[in-house]
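K.L.:
My questions concern the predicted model and sequence given below.
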Amino acid sequence: MKAITRRLAEATDATPTLEDVARADGALFVREGIGVAGRGVASRLPARDAAAWLAALDHDDAVGHEVAGPVALGALPFSDPVNGTLRVPACVLGTAPDGTCWATAVGESPDLEALVAEAVTRVDPPAPAGCEFVVRPGTPVERYLAAVAEARDAVRAGHLAKVVVARDVEVHASAPIDLHAVLRRLRAAFATSHRYSVDGLVGASPELLVSVLGREVASHPLAGTAPRTGDPEADARLARELVASTKDQLEHRVVIEMVHDTLLPWCSYLDWEPEPSIVTVANVQHLGTRVAGMLSDPPPSVVDLAAALCPTPALGGSPRDAALALIARLEARPRGRYGGAVGWVDGRGQGVFAVTIRCAEFSDDRREARLFAGGGIVADSDPHAELAETQAKFQAMLAAIVRP
């Protein structure tokens, strides 16, 4: 196979967004207009082999930009991140952090011009459609409350420092749900989150798991959550309470230390912000701390780092093995791709992966969606407060899906 990469004109208001390139059947990973959108499938690869496969392509590159070229997108599952599968689009359009716009075609004899023309074809906005929805718990609420109580008691007994207990809800629709419309709603409400769509997994994650650009590596773990009310004064008070919360600070510190200790062996330098800051999204606010450094030589692939980090204590717990064993026993249903990592990698091993949260997995006929949300359980956790936290976290995707 070969790849062809050419520069595109700088984006204007008339240029289709990456969401409009991906539409309902493509692949997407974007944040604040920076990212990639793909159409078609040139190959599907084990995630651990993707960077080498892309690097081996015969690449006709007329751009010469460090992040322009063929990529592989996909998700690493929660329970087995090492064995995830990524998708190489037949055509990918991307926008780099410096504003460079580019397109790449991959195939035996790729016709870049024709593929780009199809990708940027103007499509009418998805038409509003009357549809009936049924939303119901996948995990019975009483079972979830009992699981949180048992997890809290395990922490109090000293068996763990923290464990994340999640629950799911199901959405059933009377007609197929238009994923293109869902992506547009997520863009309107969650522009600062990492928005993604690949093989029926759609979401808007505020949490950067890991990024690699050249030798630079970064992560922005989130742990500790408070609601947002829409009232600035109330939200500011809730943010102050979140920063002052011993429970949330402890939960956050466990995550930061694990991310730092996992990345450090690959780095010549690595540091984190001295104090967490408040990261806000449309419906909740989190404690967040940026971790950044420089990779040693030879640098690892972003996939290697994502697999090593996944699942972080923000989605699993600490110690990891004990937390994962307790999760498997307490939770009613397997998580699938929820709680893993989602993103892209190129032939240099560069790329970006977000934590797979605030997401929904859609059935093949698009009439059903399964949503997950969870929270970190420590010694001071209250089951009903944790239930309220999951309800707030569900709103991101429910608001994008349910349109009566």
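P.N.:
Everything's here; your move. Numbering: from 1, shown residues only.

K.L.:
same question for the host helix or strand of Arg185, mean pLDDT?
P.N.:
Using DSSP states H and E, Arg185 falls within helix 179-189. Across helix 179-189, pLDDT averages out at 94.

K.L.:
quick one: it to chain centroid distance?
P.N.:
Its chain's C-alpha centre and that of helix 179-189 lie 15 Å apart, by CA atoms, centre = their mean, to the nearest Å.

K.L.:
ok, now stretch 261-269?
P.N.:
That offset, for stretch 261-269, works out to 22 Å (CA atoms, centre = their mean).

K.L.:
cool, and stretch 273-282?
P.N.:
So, by CA atoms, centre = their mean, the centroid of stretch 273-282 is 18 Å from its chain's centroid.

K.L.:
going forward, begin numbering at 33 instead of 1
P.N.:
Sure thing, new numbering starts at 33, so read that last one as stretch 305-314.

K.L.:
ends of it, how far apart?
P.N.:
24 Å (CA to CA, to the nearest Å).

K.L.:
Now that Asp200 has come up, it's in contact with Arg402, right?
P.N.:
Yes. Between Asp200 and Arg402 there is a contact under CB atoms under 8 Å: 5.7 Å. No exception for glycine: its C-beta is placed from N, CA and C like everyone else's.

K.L.:
Comparing those two, which residue is more hemmed in?
P.N.:
Asp200 (24 against 17; other CB atoms under 10 Å).

K.L.:
Report the contact partners of Ala37.
P.N.:
In this structure residue 37 is Thr, not Ala. Residues in contact with Thr37 (CB atoms under 8 Å, 6 or more residues apart in numbering) are 91-95, 100-102, 134-136.

K.L.:
sorry, back to before: what angle separates the next helix or strand after the helix holding Arg217 from helix 211-221?
P.N.:
With elements assigned by DSSP H and E, the helix or strand that comes after helix 211-221 is strand 226-230. If you take axes from the mean of the first three to the mean of the last three CA atoms, to 10 degrees, strand 226-230 sits at 170 degrees to helix 211-221.

K.L.:
Name the residues that touch the helix or strand that strand 226-230 is followed by?
P.N.:
Remark: after strand 226-230, the chain's next helix or strand is strand 233-237, criterion DSSP H and E. Applying CB under 8 Å, 6+ apart, the external contacts of strand 233-237 come out as 107, 211, 214-215, 218, 221-222, 225-228, 313, 369, 374, 386-394, 428-429, 432.

K.L.:
Listing partners with orientation, what would you give for strand 233-237?
P.N.:
strand 226-230 (antiparallel), strand 391-394 (antiparallel) (DSSP bridges).

K.L.:
most neighbours per residue, which of those?
P.N.:
The highest average neighbour count among the strands paired with strand 233-237, using mean count of other CB atoms under 10 Å, belongs to strand 226-230 at a mean of 27.

K.L.:
what distance separates that one from the middle of the whole chain?
P.N.:
Distance of strand 226-230 from its chain centroid, counting by CA atoms, centre = their mean, is 7 Å.

K.L.:
Over to stretch 303-310?
P.N.:
The chain centroid and the centroid of stretch 303-310 are separated by 21 Å, computed with CA atoms, centre = their mean.

K.L.:
Going by neighbour count, list what's buried in it.
P.N.:
For stretch 303-310, the neighbour count (16 or more other CB atoms under 10 Å) marks 304, 308, 310 as buried.

K.L.:
any idea which of those is closest to Leu362?
P.N.:
Among the buried residues of stretch 303-310, Pro308 lies closest to Leu362 (CB to CB), at 27.6 Å.

K.L.:
gap between the closest one and Gly408?
P.N.:
The gap separating Pro308 from Gly408 is 14 Å, by CB to CB, to the nearest Å.

K.L.:
intersection of neighbour lists for those two?
P.N.:
With CB under 8 Å, 6+ apart as the test, Pro308 and Gly408 both reach Gly256.

K.L.:
and the helix or strand containing Ala417, how far out from the chain's middle?
P.N.:
Ala417 belongs to helix 415-433 when elements are defined using DSSP H and E. Relative to the mean C-alpha coordinate of its chain, helix 415-433 is positioned 17 Å out (CA atoms, centre = their mean).

K.L.:
Which elements pack onto it?
P.N.:
Packing contacts for helix 415-433, counted by 3 or more CB pairs under 8 Å, 6 or more residues apart in numbering; DSSP states H and E, involve helix 173-188, strand 194-205, helix 211-221, strand 233-237, strand 254-259, strand 316-320, strand 391-394, strand 400-409.

K.L.:
Can you check what angle separates that helix from strand 233-237?
P.N.:
Here helix 415-433 runs at an angle of 120 degrees relative to strand 233-237 (the same axes, to 10 degrees).

K.L.:
got the angle for helix 415-433 vs strand 254-259?
P.N.:
With the same axes, to 10 degrees defining the directions, helix 415-433 sits at 90 degrees from strand 254-259.

K.L.:
which residues sit against helix 415-433?
P.N.:
With CB under 8 Å, 6+ apart as the test, helix 415-433 has contacts from 165, 167, 173, 176-178, 180-181, 184, 197-199, 201, 203, 205, 209, 214, 217-218, 221-222, 234-236, 257, 259, 313-316, 389-392, 401, 403, 405-407, 409.

K.L.:
Going through the residues you listed, which ones are buried?
P.N.:
Buried members of these, scored by 16+ other CB under 10 Å, are 165, 176-177, 180-181, 184, 197-199, 201, 203, 205, 209, 214, 217-218, 221-222, 234-236, 257, 259, 313-316, 389-392, 401, 403, 405-407, 409.

K.L.:
Right, I'll leave it there.
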